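Trainee: With the sequence up front, the predicted model follows.
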Amino acid sequence: RPGLALCAGCGGRIQDPFLLRVSPDLEWHVACLKCAECGQPLDETCTCFLRDGKAYCKRDYSRLFGIKCAQCRAAFSSSDLVMRARDHVYHLECFRCAACGRQLLPGDQFCLRERDLLCRADHGPPLDGGAAARGPR
């Protein structure tokens, strides 16, 4: 459909013999499909992620929109093992008691107060039956 499509990047008509279609309704000039954050060209060699009609490279999409560790605020890589407490997610090394710094391991009882993890020794007896750390995911 050259000549009929409008580029989602620049808004101009796509007259080129080739266009890049990222989703059913978003098409780009080959030269216009770039990461909205860093400007890296997004082609067959780079994974493209869409959010709100904008295209992002994998690194920037993960940094901007990915789940982040509740302790260090860094993003997770696909190979990271994580620990969860309610709706918070932590790197294994970040899953520590806020009072004494001891790493909490699978099976340890802990308490989550606001954003702070507390080991059993630092939070006292469980008020609601306690929580036990589940294994890495």
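Mentor: Sure thing, it's come through.

Trainee: do you know how far Leu42 is from Gly11?
Mentor: Look at Leu42 and Gly11: by CB to CB, to the nearest Å, they are 18 Å apart. In short, each C-beta sits where N, CA and C put it, glycine included.

Trainee: All the helices of the chain, residue numbers only.
Mentor: 58-65, 120-123 (DSSP state H).

Trainee: which ones are touching the residue nearest the centre of the chain?
Mentor: Centroid check for the chain by CA atoms, centre = their mean gives Gly66 as the closest residue, at 1.3 Å. Contacts for Gly66 (CB atoms under 8 Å, 6 or more residues apart in numbering) come out as 75-76.

Trainee: go on, the one 3 residues further on?
Mentor: Applying CB under 8 Å, 6+ apart, we find Cys69 in contact with 75-76, 89-91, 94.

Trainee: So for the closest residue to Cys119 other than its chain neighbours, what's the pLDDT?
Mentor: Residue nearest to Cys119 in three dimensions, not counting chain neighbours: Cys97, with 4.0 Å by CB to CB, 6 or more residues apart in numbering. Looking at Cys97, its pLDDT reads 94.

Trainee: Wait, Cys97 touches Leu118, no?
Mentor: Yes: between Cys97 and Leu118 there is a contact under CB atoms under 8 Å: 5.6 Å.

Trainee: who touches both of these two?
Mentor: Phe110.

Trainee: Neighbours of Ser79, how many?
Mentor: Other residues within reach of Ser79, judged by other CB atoms under 10 Å, total 5.

Trainee: Check Asp116 too.
Mentor: 14.

Trainee: how does the chain divide up, domain by domain?
Mentor: 19-65, 82-134 (the TED database).
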